[in-house]
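[1] just to be clear, the model below is a prediction. Sequence and coordinates:
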Amino acid sequence: MQASTAVNRTETPRRTRTQTRIRRSRRIKTFTGCMTCRSRHLKCDEQRPACRRCVDAQVECSGYPGYRATVQWKPVRGPSDFGSGQITPLASDDWDPSRAQQTSPEHSHGSLVLSDLVTNPQRTSPTAPFEAAFSQPEPTSTHASPRILIGQQDSVSPANRSLSHLSPLSGQPRQPYDASEPISFAQDGDRSRSSAVYSAPGPVPSLECFGFSQQSSEAERHIDRAPSMHLQRRCIEHWINHLSDALSSVPGSKNPLKRFFVPIAFAGAMSSASSSTGSVALFYLICSASAFHLSVHSADSKESSDYMTLALSHQNQGIRHLQHNLVKDDPDERESVLASLLMCLTYEPVTVERNFWLTHLRGASQWLQKADISLWARTESAVIMYQMLSSTATMLRSQILSEDVAQESNFHFGLNAMLEPYHLHHIFGLPERCFELVSQMVEMAVRLRQHSPTITVDLDRLETELYLSIPPECQVPAATRGQDDLVHHYSQIFYFSSIIYCKRRLKGMPLSDVQPLVEQACDHIEALANYRSRPYSPILWPVAVALFEVQDIALRRRALDWLDFIIEQSTLSIWQKFKPLLCSLWEKREIPGQEELQWDDFLSDPTTPSIMIV
């Protein structure tokens, strides 16, 4: 029996030393909690909109990973905080969008600074912002330096996808910025303003510090580096045929997004692949906007995924090039940088929500403070783009009255810098006098919210002036039939909405007192539906100011019917988001004690989904 057992044991196969076990595939780490808990290495309970761990710790919850990255400042402990990354273009035949989606979530956050490149001048030296971003801190220093935080993402996205993070190359020398002419700051009452301008900039970090490779051939251009030339061509085609008009109030060949943006982007596309300019940034941002829009509206899931991946790649490239040129501050590139900053705020309604456009707004304001636009912007295109940026910022300011960027000392979109010749009447349908009065009223609302509970201005006189500011007729350099009617209705909507804003926001009058004005504004809003020749999108601010105050049930139905029209006509997601937001405000006013709720208070509520009212 023992012998039999021994025989059986010897016949049992044994693993030899040369044989290896089949290894299990490595488990990919995932993290679905908020970015604050991730940075603190804590377990997140994933409560929305803010996790309870952050609330209990009385820290700001930074939101949950999405497809885009936001930008923040973070203390730098040493050079090791900077990651490494490099962009390697693929040949058109090798384009595989799935590669970008197979990366680990730990390395899927691409972001670069657009704000805080210029810090408070009263607390820093002229070179401090650049030294803080690019020089290595002293090991013995106890003061935290601002830096680029790579990895924090927006919590709202049309698709939950991400790319490998694109961060500066490690091991590259980082030279401190050394301006040849220092900047001094003069005090003017409570306002701090720059009394000098950057002249010849000193050494700036090389392109490698921003993740750009200069090993490409001189003959290679940015347009040649597209991962898929077919998708690239579709993006540019979509911008020309559709999106540039859809993002504009008045479509056609006179549209600045077509007339000015496309030539600047063309210069960037045709420049050497080793170069980094503002026009290069605009080229990538335009392609990114088109790819995002095509992704959302594509019926084919694979095609939608391809466009989303391309959009993320181009967005990272565009932001990276823009950051480089904001730091470099080349006077020859300022107009293209201005166009890129305007582009960031223009196409945000296609893609993201508040915390990202607020970052762009801060960055643009700080750049305008540093680069005094009145000294260098002399061309028609620069004047028009600045007026567009200034008006956009003013309307955004009305919904962020409590934010630091809304304060007078931090809001550097001055009208007096370049108000003449005035172009926004035929571009936005915004009359010049109406723009000036709206800017004054928003400034009063900021002071009312942040400083004093009363206003010293005679509001009856202001309201009388608003009533008397009937918009003049504007002859539009028309490209398509019916644009004169569009601009006429826009002007009337701005006119009535400015009076409504004065009565409700500054004077605190009840809703019943503004209903005659609301009804007249709604008549002009409905009349916009007569124009159907091209895709277009009205400026949301005057429309929202009027529709927010509608009380009559029948008028509300008419307003919702018009919103259905503009959602289809514009194809922009901002109108899809605005409709449920409007209904939520109307419903909230049905609650006892909330009948006179102000719309900006409603939007500032953390539980309210926030959008750009612009």
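    Received, thanks.
[2] any regions of the stretch 1-150 of the chain where pLDDT drops low?
    Across the stretch 1-150 of the chain, residues meeting the criterion (pLDDT under 70) sit at 1-31, 39, 41, 58, 62, 64-150.
[3] elements contacting the biggest helix by length in the chain?
    As far as residue count goes, and with DSSP state H defining each element, the longest helix of the chain is helix 301-328. Using 3 or more Cβ pairs under 8 Å, 6 or more residues apart in numbering; DSSP states H and E as the contact criterion, the elements in contact with helix 301-328 are helix 97-101, helix 128-134, helix 229-238, helix 278-297, helix 334-346. The C-beta positions use only the backbone N, C-alpha and C, and glycine is treated the same way.
[4] return the most buried member of the ones you listed.
    Comparing those on average neighbours per residue, with mean count of other Cβ atoms under 10 Å, the densest one is helix 278-297 at a mean of 26.
[5] mean confidence for that helix?
    Averaging the model's pLDDT scores along helix 278-297 yields 96.
[6] do stretch 533-553 as well
    Throughout stretch 533-553, pLDDT has a mean value of 97.
[7] now do the end-to-end distance for it.
    Terminal residues of stretch 533-553 are spaced 31 Å apart (Cα to Cα, to the nearest Å).
[8] rewinding a little: relative to helix 229-238, how tilted is the longest helix of the chain?
    Put simply, helix 301-328 runs at 70 degrees to helix 229-238, going by axes from the mean of the first three to the mean of the last three Cα atoms, to 10 degrees.
[9] helix 301-328 vs helix 278-297, what angle?
    For helix 301-328 against helix 278-297, the angle between stretch directions is 160 degrees (the same axes, to 10 degrees).
[10] buried residues, helix 301-328. List them.
    When burial is assessed from 16 or more other Cβ atoms under 10 Å, helix 301-328 yields the following buried residues: 304-328.
[11] would you map out the domains in the protein?
    The record's domain split for the chain, according to automatic domain parsing, is 30-64, 400-614.
[12] check contacts around Ile400.
    Contact criterion Cβ atoms under 8 Å, 6 or more residues apart in numbering gives 358, 406, 604 as the residues in contact with Ile400.
[13] does the last one really touch Ser402, like I thought?
    Yes. Counting by Cβ atoms under 8 Å, a contact exists between Ser604 and Ser402, whose distance comes to 6.6 Å.
[14] who has more neighbours out of the two?
    Ser604 (16 against 12; other Cβ atoms under 10 Å).
[15] need the pLDDT of that one.
    In this prediction, Ser604 carries a pLDDT score of 88.
[16] residue contacts, it?
    When contacts are taken as Cβ under 8 Å, 6+ apart, Ser604 is in contact with 399-402.
[17] how close does it get to Ser398?
    11 Å (Cβ to Cβ, to the nearest Å).
[18] same question for Met444.
    To Ser398, Met444 is 11 Å away according to Cβ to Cβ.
[19] which one's more surrounded, these two?
    When neighbours are counted by other Cβ under 10 Å, Ser398 comes out ahead of the other of Met444 and Ser398, with 25 against 18.
[20] quick one: classify the residue nearest to the more buried one when sequence neighbours are not counted as helix, strand or coil.
    Residue nearest to Ser398 in three dimensions, not counting chain neighbours: Val442, with 4.7 Å by Cβ to Cβ, 6 or more residues apart in numbering. The three-state label given to Val442 by DSSP: H, G, I helix; E, B strand; the rest coil is helix.
[21] distance of Val442 relative to Thr277?
    Val442 sits 34 Å away from Thr277, taking Cβ to Cβ as the criterion.
[22] which one of the two is surrounded by more residues?
    A side-by-side neighbour count of Val442 and Thr277, using other Cβ under 10 Å, places Thr277 first with 25 against 22.
[23] what about the closest residue to the more buried one other than its chain neighbours, distance to Cys61?
    Excluding the flanking residues, the one nearest Thr277 by Cβ to Cβ, 6+ apart is Glu333, at 5.4 Å. As for Glu333, its distance to Cys61 is 37 Å (criterion: Cβ to Cβ).
[24] between the two, which one's more packed in?
    Under the neighbour definition other Cβ under 10 Å, Glu333 and Cys61 were set side by side, and Cys61 has more, 23 against 20.
[25] the more buried one is in contact with Arg52, isn't it?
    No. Taking contact to mean Cβ under 8 Å, the distance of 9.2 Å between Cys61 and Arg52 leaves them out of contact.
[26] sketch out the low-pLDDT regions of the stretch 351-500 of the chain for me.
    In the stretch 351-500 of the chain (pLDDT under 70), the answer is 351-355, 477-480.
[27] in contact with the closest residue to Glu403 other than its chain neighbours: list those residues for me.
    The spatial neighbour of Glu403 that comes closest, neighbours along the chain excluded (Cβ to Cβ, 6+ apart), is Leu358 at 7.0 Å. Remark: with contacts taken as Cβ under 8 Å, 6+ apart, Leu358 is in contact with 400, 403, 405.
[28] swap in Tyr490?
    With contacts taken as Cβ under 8 Å, 6+ apart, Tyr490 has the following neighbours: 249, 428-430, 528, 538-539, 542.
[29] just the CA atoms of stretch 231-244, as PDB, please.
    Presented in PDB, the C-alpha positions along stretch 231-244 are these (Å, rounded to 0.1, in the frame of the first residue of the first chain):
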ATOM      1  CA  LEU A 231     -10.700  65.200 -37.800                       C
ATOM      2  CA  GLN A 232      -8.600  68.400 -37.900                       C
ATOM      3  CA  ARG A 233     -10.100  69.400 -41.200                       C
ATOM      4  CA  ARG A 234     -13.600  68.700 -39.900                       C
ATOM      5  CA  CYS A 235     -12.900  70.900 -36.900                       C
ATOM      6  CA  ILE A 236     -11.900  73.900 -38.900                       C
ATOM      7  CA  GLU A 237     -14.700  73.300 -41.400                       C
ATOM      8  CA  HIS A 238     -17.200  73.200 -38.500                       C
ATOM      9  CA  TRP A 239     -15.800  76.500 -37.100                       C
ATOM     10  CA  ILE A 240     -16.300  78.300 -40.400                       C
ATOM     11  CA  ASN A 241     -19.600  76.800 -41.400                       C
ATOM     12  CA  HIS A 242     -21.400  76.700 -38.000                       C
ATOM     13  CA  LEU A 243     -19.800  77.300 -34.600                       C
ATOM     14  CA  SER A 244     -18.300  80.800 -35.200                       C
END
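[30] thinking again about what came up before, any chance of a markdown table for the domains of the chain, columns distance to Ile384?
    Conversion of these to a markdown table gives the following (distance: least, Cβ to Cβ, whole Å):
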| stretch | distance to Ile384 |
| --- | --- |
| domain 30-64 | 35 |
| domain 400-614 | 5 |
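[31] so which of those is nearest His222?
    Smallest distance to His222 across the domains of the chain (Cβ to Cβ): 27.3 Å, for domain 400-614.
[32] still on that earlier bit, neighbour count added to the contacts of Tyr490, as CSV?
    Below are those laid out as CSV (neighbours: other Cβ atoms under 10 Å):
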residue, neighbour count
Ser249, 21
Phe428, 25
Gly429, 27
Leu430, 30
Leu528, 22
Pro538, 22
Ile539, 23
Pro542, 30
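[33] what helix or strand does Glu568 sit in?
    Using DSSP states H and E, Glu568 sits within helix 553-570.
[34] which strands or helices does the helix or strand following that helix pack on?
    Past helix 553-570, heading to the C-terminal end, the next element that is a helix or strand (DSSP H and E) is helix 573-588. In this structure, helix 573-588 makes packing contacts with helix 348-351, helix 540-547, helix 553-570, helix 599-604, judged by 3+ Cβ pairs under 8 Å, 6+ apart.
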